[in-house]
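Enquirer: Predicted structure and sequence below. I'll ask about it afterward.
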4 protein chains.
Amino acid sequence: MITVKDTVHDHIEIDGVAADLLDTPAVQRLRHIKQLGTVQLVYPSANHTRFEHSLGVYHLASRALDHLGIGGKQADRIEAAAMLHDVGHGPFSHNLETLTHRRTGKYHDDVAELLATGEVGAVLRAHDLDPDRIAGLVAGEEKYGQLVSGELDVDRMDYLVRDAYHTGVPYGTIDTERFVRELTFVDAPGDAGARSRPRLVLDEGNVQTAESLLLARALMNPVVYTHHVARISKAMLRRAATDLLDATATTAPELRRMDDHDFLAAIRDCRETDDLSRRYDERDLYKLAVWAEYDDVPERIHAADHATEVALEREIGEEAGVDRDHVLLDVPPEPSMRESTARVTVNGEVRRLERQSPLVSALRTAQRNQWRLGVYAPAPATDRVGRAAADVLGIDSDGLVAEARAAMPTTLDEF
Amino acid sequence: MITVKDTVHDHIEIDGVAADLLDTPAVQRLRHIKQLGTVQLVYPSANHTRFEHSLGVYHLASRALDHLGIGGKQADRIEAAAMLHDVGHGPFSHNLETLTHRRTGKYHDDVAELLATGEVGAVLRAHDLDPDRIAGLVAGEEKYGQLVSGELDVDRMDYLVRDAYHTGVPYGTIDTERFVRELTFVDAPGDAGARSRPRLVLDEGNVQTAESLLLARALMNPVVYTHHVARISKAMLRRAATDLLDATATTAPELRRMDDHDFLAAIRDCRETDDLSRRYDERDLYKLAVWAEYDDVPERIHAADHATEVALEREIGEEAGVDRDHVLLDVPPEPSMRESTARVTVNGEVRRLERQSPLVSALRTAQRNQWRLGVYAPAPATDRVGRAAADVLGIDSDGLVAEARAAMPTTLDEF
Amino acid sequence: MITVKDTVHDHIEIDGVAADLLDTPAVQRLRHIKQLGTVQLVYPSANHTRFEHSLGVYHLASRALDHLGIGGKQADRIEAAAMLHDVGHGPFSHNLETLTHRRTGKYHDDVAELLATGEVGAVLRAHDLDPDRIAGLVAGEEKYGQLVSGELDVDRMDYLVRDAYHTGVPYGTIDTERFVRELTFVDAPGDAGARSRPRLVLDEGNVQTAESLLLARALMNPVVYTHHVARISKAMLRRAATDLLDATATTAPELRRMDDHDFLAAIRDCRETDDLSRRYDERDLYKLAVWAEYDDVPERIHAADHATEVALEREIGEEAGVDRDHVLLDVPPEPSMRESTARVTVNGEVRRLERQSPLVSALRTAQRNQWRLGVYAPAPATDRVGRAAADVLGIDSDGLVAEARAAMPTTLDEF
Amino acid sequence: MITVKDTVHDHIEIDGVAADLLDTPAVQRLRHIKQLGTVQLVYPSANHTRFEHSLGVYHLASRALDHLGIGGKQADRIEAAAMLHDVGHGPFSHNLETLTHRRTGKYHDDVAELLATGEVGAVLRAHDLDPDRIAGLVAGEEKYGQLVSGELDVDRMDYLVRDAYHTGVPYGTIDTERFVRELTFVDAPGDAGARSRPRLVLDEGNVQTAESLLLARALMNPVVYTHHVARISKAMLRRAATDLLDATATTAPELRRMDDHDFLAAIRDCRETDDLSRRYDERDLYKLAVWAEYDDVPERIHAADHATEVALEREIGEEAGVDRDHVLLDVPPEPSMRESTARVTVNGEVRRLERQSPLVSALRTAQRNQWRLGVYAPAPATDRVGRAAADVLGIDSDGLVAEARAAMPTTLDEF
């Protein structure tokens, strides 16, 4: 048995298949991938990695299994899935995900391949576990996959608390120990009359426990996860990655297997990306040119696919008379809230949280209110790019940036 | 200057009039009044007192004044009010408040008298401060009274963080330092077209900061402040206090000046209250006989005054055939949410939080959903009293208690 | 099973005999006895009680038993002893201990009686446990008594961390989880060739773990446990207790069964003690008249018994021309360091920590350097009493108090 | 003014020259250099960087200056030095220091050049500050340089607390706020009758405060800073760096300007170092072949210079019949304890801590007891290399490794 000292869960005990997986290159690689990517430019202490997060997810899964009374091979499977749930991440985690995803096909196919091959595959088979089935659990399949990836999964419990600890922001604090004690499986029908199957729910008396998960995310979102400085630098890195793929022999699958070190070294080393990498390294970031609310953005822009976005960027650049790399269009996905379909037990009956808690729809509205389309450009070109972008995207341009800046937190804003 | 080590704010520096007030009997007395009263029966560590809370409120007021650039006599006044804001509390703080209040007239008249007399009055006058004006600030009067008692006051900032620290519940964590940095005064009209006057608001970019205050309270409320065990024991102490006033020479004003020690000793020492005090001491508490939702309670019960409540208890007792002390009717006040009228600056405009944040009305609904009327009785009589109470109060009796129990947190429930 | 939320250990699970003991009056009474007595006058947040400490000690004992693989009746016995280890404490814990002890005979006989009678005795017998044997474990007897009371017991692990948490002082932080994992039993000879028996030791590689326990205590001692303000107020309460016994019908056994509330109410209520109680309540404390180092105090004073101390106080009072209650002589016991005989495993060999760690003798010296005899008196009489005491006690009087004051922490000093 | 949210000090306010320095490439580069280098292999959460540490050192310096009443240009100088004190660090901080230092001359000459040139030099001159003088302060010169680099400097206060926070080890917790309040300057003679000059000392009543600094370091040392896994991986990286310099065109000055990313990418990319880099990446580390105590190591080995060490490694490799890269000799510098000459005020007199506190010499002994010479080799060759090394180095070989392993913490040991 291995014991690891963790900042969030104190001593984490690892044994069985999880202990063997710990020593595989695929898991050790996560040491070199920051959990929060570019958020470190806003919160300097946010340097924690996918590695310790994976240990934490394993730990919480293991605690929940204890309380659920699940052992044996079933527990092995879930613990393996918890330990491996992030091995598919590329450098800078979610920051480049859409890019690597777009160019290389399905994320989950990639995970399935990673799990079936190399040392990970060998370890799984040595413990008589089917890699495909573990990959399915990672994707939330089967009854017990809900623990690893679902509305009430241990993944989000760990990251909310861990991100709060390592940013210093006090908003992500949920009672993880209470969660792992109160989770249970109950047969319940799905949405729209889908047939009844075992669902992971919170036991009686835990409406607040479930709500705390949503509230923690709602408070962390604008202050941490979607802070404009983190979004701008993320967009810059994504552009650098695109340029790297276009300008060099590096392929998308190679990019996906890099860690943060490889990637930063690669974009520093490439003439086509050295301006962006220098700017990233020295925190000489692009600024807001447009920062538009959800309802001010035309439907066709919300619906744009990647090729359309690229075309729009080119058009904006031409109209503004700037280099294409000096226009970054950043259209976040539609607001969503997976936790809202979490289920809680109320008076002996299993109910969807969104039907029980008036907070859910309010948070949905709040999330939509916080949604912003961004266009970013180097400081001297901000105004020009802003006007051109408003024109090309069909957004009313009056005071777009001024309002945007006014809406930003003043604390930490210039940092 | 006095420096005090505090669990929440680390070193607190106290000087000027606040330092002199610290040594008065009225402030030292707060050492012996628990901040959370009977919550200690649910969370054993929750033994913090009104004294350290008062130091914390003084500290945050002082930090906010620094950031607002307010000094001199104006600052003296506010700091004195912060230090003194709780001296009017009787034993077990809010637990007996309605009782002492009901029998002795206005709480604020009492505070005004406390501030004008004795050592407190002498200290204030020695610093050339008018006790009546300080009492006004404690009540939230004048421009600067909003800092001490208002929608964004430092009182609630301190208690949310302090109560979280001393219960171990992770929900009350707000960023107090951000609050004291972002508070500002702006001339703004009041509700319903009231004339414009200086209002304490949060600066641009702090909608989330304001929301965090409401969310912290919304999460702490059911888990800490209105936990049914805390409410039951509070109702028992209130009954004991009533019996003490009725059975002995103790007067309401005397009761109000007791601290927790005096009060517990008094009810242990009195034949009429020794059963209740023994039950409190040994945690042999009454149980839920009725636990009814807001909409299930007839309007006339919501509107009942104290005399009516007493008559209802008597009637329930008679119908159930139990001693009057074995029926405790607990009708909480109407749900309210003072923070909802807090003001924030959005795009340069001062707006009421409830108009800006979809969370406010959701939390209002949640609060109403959490509201419960309680009837409590000793364990063997619970069923009988429950049935009688449902009958007398006009509440549909089917499964009232069963549902109530089911709605309770299972963790800590039996503790 | 009962689950309690604790500030130090998060969720504590209590079941079996411990859960039944929790509801006995003897254990519930500990809610009303502060862990650190008068230290609350120095650190306002230090209001935690013997009750949550007892839960913490039970929790750590239970964790250690898990790691040691001990279950069944043996575990029941130890967990019962852990839960009950403090039930013998009188009001203000250690503050009045010498007094109640002196007047009523052996502390451990008293505990044995408490455990054999009333609800505690009934619960123990219902679980088929012998109260006498549990009392023996509380006193550190038998192999497993070392876990509850010994050089490496879970009692001190809990109180160091808990006292640090509730004072805000960062020095008491030890890694309790590491301790409970590394404890083991090994047959080893005792001191001076005593026969070999099972001893609780720390496993290989834990010299630092053991040292951290001593260092935490060494840092907490002067800053918290023996802070002069805590000592002065403790001496005042002890005198009040003596006067109460002398002036009223209250007996020592009755005093011992009081909790903090009873005791404070009793000394407020008694004419002979109302000055001391008022001073305590209002923090209008006596001041240092003498504060003498170990080597400056004559041997006969170190060796004085209680009767001699009383005679000395009287003599000092007469020489200074002050009331006897205005002279408090406070001679702490000889410095000792129980942890120094803790055993650690080094290169496969069990060694006493003091032979392995050069820190032990240094800490012994430091402790002796920190030892102070105190004489306390009301402010106006301090000089007169100081001169008289120096004369009567045979201590060189030059600058005794000046040096003493200079040696005191300036932060918090006047608080 | 810039406000940054920090995990350790909460909000840090940065203005004046420090704010301008923040945006220089030299300071931003510190974001990419881990504070604890290879310690991350033992404590997975220990990913904090020199950047946030530099902000913390600036913050504490700024707090101390406030309390000392120092402002104006003097304060600017010290705050600039605090912000810049680590810009000279190469990749993996101290891990490669001896290497870059050895090959490139004096560390402080290098810092002086860094401060005089580029954007840092420009910022300093724009604020009318002399870069040479700032470099002097970084090196501890002048009266106020003691604050930045001395026995009681703010550097070690920040790193002890920060390293504790980010490893999860509870031992490094000192009261930084108390330190910055109690520091003062007093004219005092130096060692061996050196002439009197202003020295940074702790005010009266702070012997324990000073001791806490030593104790924190003494506890952190074996558990964190010199943990054998951190030392082994550090030696591996040092060897990789040497090989990189030998095998490629990379020069020592270039190596020194790399950050962690550059360095890891470089050794992954170089055929001569790819085995070591793969081992580092996959945590497939060398193991202990020798782990010898101070007194078991011959004087000539203690005194060996770098060239001698290289020769010894070669000799051991030849005797064991293994590749030279499979033998890593790690001789730590002589134990030292800079804090021991810290000065404290006792009874109005300034004394060296080591004369006042019996702990200092004990800690010195403890440190010497903890000192270990290490020889590391890949697992299959450990025994052979161990025997050869014992022979070549003249260390008694009996059970060297067995004892070594036995002396290691079992928790985390295999991790």
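Expert: Thanks, I have the structure now.
Enquirer: What are the neighbouring residues in contact with A:Y294?
Expert: By CB atoms under 8 Å, 6 or more residues apart in numbering or on different chains, the residues touching A:Y294 are A:P335, A:R368, A:N369, A:W371, A:R372, A:L373. In short, each C-beta sits where N, CA and C put it, glycine included.
Enquirer: if you look at these, which of them are in helices?
Expert: The helices, defined by DSSP state H, take in A:R368, A:N369 from these.
Enquirer: ok, which pair from the contacts of A:Y294 is furthest apart?
Expert: By the measure CB to CB, A:N369 and A:L373 form the most distant pair in the contacts of A:Y294, at 13.5 Å.
Enquirer: Settle it for me: which of the two has more neighbours?
Expert: Each of A:N369 and A:L373 has its neighbours counted (other CB atoms under 10 Å in any protein chain shown); A:L373 has more, 21 against 17.
Enquirer: what about A:N95, is that helix, strand or coil?
Expert: helix (DSSP: H, G, I helix; E, B strand; the rest coil).
Enquirer: Do you know the pLDDT at it?
Expert: With respect to pLDDT, A:N95 scores 71.
Enquirer: That one and C:G168: what is the separation?
Expert: For A:N95, the distance to C:G168 equals 39 Å [CB to CB, to the nearest Å].
Enquirer: Just want to know which of these two has more residues nearby.
Expert: Neighbour totals were compared for A:N95 and C:G168, and A:N95 leads with 26 against 21 (other CB under 10 Å).
Enquirer: Quick one: residues contacting that one.
Expert: Taking CB under 8 Å, 6+ apart, one finds A:G37, A:T38, A:K234, A:L237, A:R238 in contact with A:N95.
Enquirer: Pull out the buried positions in stretch A:241-252.
Expert: Residues of stretch A:241-252 classed as buried: A:A241, A:T242, A:D243, A:L244, A:L245, A:T248, A:T250, A:A252 (neighbour count, 16 or more other CB atoms under 10 Å in any protein chain shown).
Enquirer: Is the fifth one in contact with A:L255, as I believe?
Expert: Yes - with contacts defined as CB atoms under 8 Å, A:L245 counts as touching A:L255 at a distance of 6.5 Å.
Enquirer: Using the three-state scheme, assign the nearest residue to A:A82 once chain neighbours are set aside.
Expert: Closest residue to A:A82 apart from its sequence neighbours, by CB to CB, 6 or more residues apart in numbering or on different chains: A:A61 at 3.9 Å. On the three-state scheme (three-state DSSP), A:A61 is labelled helix.
Enquirer: In chain A, what residue lies closest to chain B?
Expert: Residue nearest to chain B within chain A: A:A362 (3.3 Å; CB to the nearest CB).
Enquirer: Let's verify that residue: helix, strand, or coil?
Expert: Under the three-state scheme (three-state DSSP), A:A362 adopts helix.
Enquirer: The nearest residue to A:L214 once chain neighbours are set aside and A:R217, how far apart?
Expert: Counting by CB to CB, 6+ apart, A:L214 lies nearest to A:E339, which is 4.9 Å off, once chain neighbours are set aside. Taking CB to CB as the measure, A:E339 falls 7 Å from A:R217.
Enquirer: Apart from its neighbours in sequence, what residue is nearest the residue most central in space within chain A?
Expert: By CA atoms, centre = their mean, chain A has its centre lying nearest to A:H94, at 5.0 Å. Nearest residue to A:H94, sequence neighbours excluded (CB to CB, 6+ apart): A:G37, at 6.5 Å.
Enquirer: List the contacts of the one you found.
Expert: A:F92, A:S93, A:H94, A:N95, A:A230, A:K234, A:L237.
Enquirer: Buried among those? Make that a ChimeraX selection.
Expert: Buried subset of the contacts of A:G37, written as a ChimeraX selection, criterion 16+ other CB under 10 Å:
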select /A:92,93,95,230,234,237
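Enquirer: so which of the contacts of A:G37 comes closest to chain D?
Expert: Nearest to chain D among the contacts of A:G37, with distances taken as CB to the nearest CB, is A:F92, at 11.9 Å.
Enquirer: Over to the closest one: give its phi and psi.
Expert: When quoted as degrees, to the nearest 10, the phi and psi of A:F92 stand at phi 50, psi 30.
Enquirer: Would you confirm that it contacts A:H261?
Expert: No - counting by CB under 8 Å, A:F92 does not reach A:H261; the two are 11.1 Å apart.
Enquirer: Which residues are in contact with each of these two?
Expert: By CB under 8 Å, 6+ apart, no residue touches both A:F92 and A:H261.
Enquirer: circling back to that earlier point, burial of the residue of chain A closest to chain B, as a residue count?
Expert: Residues near A:A362, counting by other CB under 10 Å, number 21.
Enquirer: do you know how far the closest residue to it other than its chain neighbours is from chain C?
Expert: Closest residue to A:A362 apart from its sequence neighbours, by CB to CB, 6+ apart: B:A362 at 3.3 Å. Between B:A362 and chain C the computed distance is 27 Å (CB to the nearest CB, to the nearest Å).
Enquirer: same thing with A:A139?
Expert: A:A139 is 31 Å from chain C, by CB to the nearest CB.
Enquirer: Same check on A:Q208?
Expert: Counting by CB to the nearest CB, the gap from A:Q208 to chain C is 14 Å.
Enquirer: wait, what's in contact with that residue?
Expert: So A:Q208 contacts B:L219, B:P222, B:V223 (CB under 8 Å, 6+ apart).
Enquirer: For stretch A:265-278, buried residues please.
Expert: For stretch A:265-278, a neighbour-count test (16+ other CB under 10 Å) marks A:A265, A:A266, A:I267, A:R268, A:C270, A:T273, A:D275, A:L276, A:S277 as buried.
Enquirer: for stretch A:332-346, that is, sorry about that
Expert: A:P335, A:M337, A:E339, A:S340, A:T341, A:A342, A:R343, A:V344, A:T345, A:V346.
Enquirer: Ok, stretch A:252-261 next?
Expert: Counting neighbours by 16+ other CB under 10 Å, stretch A:252-261 gives A:A252, A:L255, A:R256, A:R257, A:M258, A:D259, A:D260, A:H261 as buried.
Enquirer: Can you tell me how far A:A377 is from A:G317?
Expert: A:A377 is 9 Å from A:G317, where distance means CB to CB.
Enquirer: Quick check on the one residue in chain A that gets nearest to chain D: phi, psi?
Expert: Chain D sits closest to A:A265 of chain A, with a gap of 3.3 Å, by CB to the nearest CB. For A:A265, the backbone dihedrals (degrees, to the nearest 10) come out as phi -60, psi -40.
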